[in-house]
Structures are given as structure tokens and as C-alpha cells.
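Participant: Give the three-dimensional model of this entry:
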Amino acid sequence: LAALQVEARTLAMLRGLLRQLHAACTRLAAGARSLPSSVQETVGHVRHGVEGVQASLSRARSFHDLSGLVLAQSRETVTRAQLSIDELLEYVGQHAPLPWLVGPFAPALVEYPEDVPVEMAKWEGCITVG
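Facilitator: This is a model prediction of the structure:
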């Protein structure tokens with residue numbers, strides 16, 4: 001009985017993680033609209049793969065309901081999704097304009113040209129650029 005409860009909780013946790021991953025992929029797809037079509041396609045493939053894994057696991061009441069093939073395909077899909085997201089982050093890191101990545105620190109970078117001394121104490125712990 002305890003093993004069944006652990007399995008049920010594990011499946012529920014897995015479904016919850018997949019829901020979070022799907023929500024993140026949906027937000028990512030919305031944000032990728034300004035990126036090249038190849039990047040948008042990658043995001044779409046990731047989201048579609050996550051939806052497939054969700055569909056496979058949604059019907060299962062235990063891991064015994066899932067074939068070894070379904071589990072292997074699900075693991076492969078999630079691994080591919082992780083690699084694709086890593087590639088996307090690398091692309092954004094290499095191609096996005098600095099103010100877009102730096103966010104709230106961008107005004108400080110513009111406000112204080114290099115030849116003007118800046119009180120560094122308030123920037124302690126921040127990553128410097130350049």
C-alpha cells in the first residue's frame with residue numbers, strides 16, 4: 001500500500017512538473033516571436049514534445065500502465081527539450097542586445113560613462129560587463 005502511495009505521489013509530482021514546463025514553453029513561445037523563425041520552430045517543437053509527454057502520462061494511474069517504450073520516448077523528449085532550451089539560451093546570450101539582457105541595470109550603464117567615477121559600493125556583488 002505504501003509503495004502505491006509513493007508511486008501515485010510521484011506521478012502527481014511528474015504531472016505538476018510537466019504542467020510547469022509546458023507553461024514555461026508557452027511563455028517562451030510568446031517571447032520568441034521577435035526571434036528568427038528557426039528559433040520559434042525550436043520552441044514550438046519543445047512545446048509539442050512536452051504536450052505529447054503530458055498526454056502519455058495523463059492516462060496512467062501507475063507506472064505499470066506505461067510501457068517501457070513510452071517511458072523511453074518521454075525521457076528522450078524531455079532530454080531533447082532541455083538541449084533545445086540550452087541552445088536557445090546560448091543563442092539569446094550571443095545575439096540579444098546588452099540592455100535587453102541587463103534589464104534594470106541598463107540605465108546605470110548609460111548614466112555613468114567610463115570617464116566618470118562611480119561609487120562601486122552600491123554595485124558590490126553585481127557582475128561587471130566589459
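Participant: can you list the weak-confidence ranges in the protein?
Facilitator: By pLDDT under 70, the weakly predicted segments of the chain are 96-130.
Participant: Helices of that one, start to end?
Facilitator: In order along the chain, the chain carries the following helices (DSSP state H): 2-31, 37-58, 68-95, 98-102, 106-111.
Participant: With respect to burial, which of those helices scores highest?
Facilitator: Of all the helices of the chain, helix 37-58 has the most neighbours on average by mean count of other Cβ atoms under 10 Å, namely a mean of 16. Every residue, glycine included, has its C-beta placed from N, CA and C.
Participant: Just the residues contacting it, thanks.
Facilitator: The contact list for helix 37-58 (Cβ atoms under 8 Å, 6 or more residues apart in numbering) reads 11, 14-15, 18-19, 21-22, 25-26, 28-29, 32-33, 66, 70, 73-74, 77-78, 80-81, 84-85, 87-88, 91.
Participant: try stretch 82-96
Facilitator: With Cβ under 8 Å, 6+ apart as the test, stretch 82-96 has contacts from 28, 32, 35, 39, 42-43, 45-46, 101.
Participant: In TSV, list the residues you listed along with distance to Ala55.
Facilitator: Converted to TSV, these look like this (distance: Cβ to Cβ, whole Å):
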residue	distance to Ala55
Leu28	20
Ala32	23
Leu35	27
Val39	25
Thr42	21
Val43	19
His45	16
Val46	15
Leu101	35
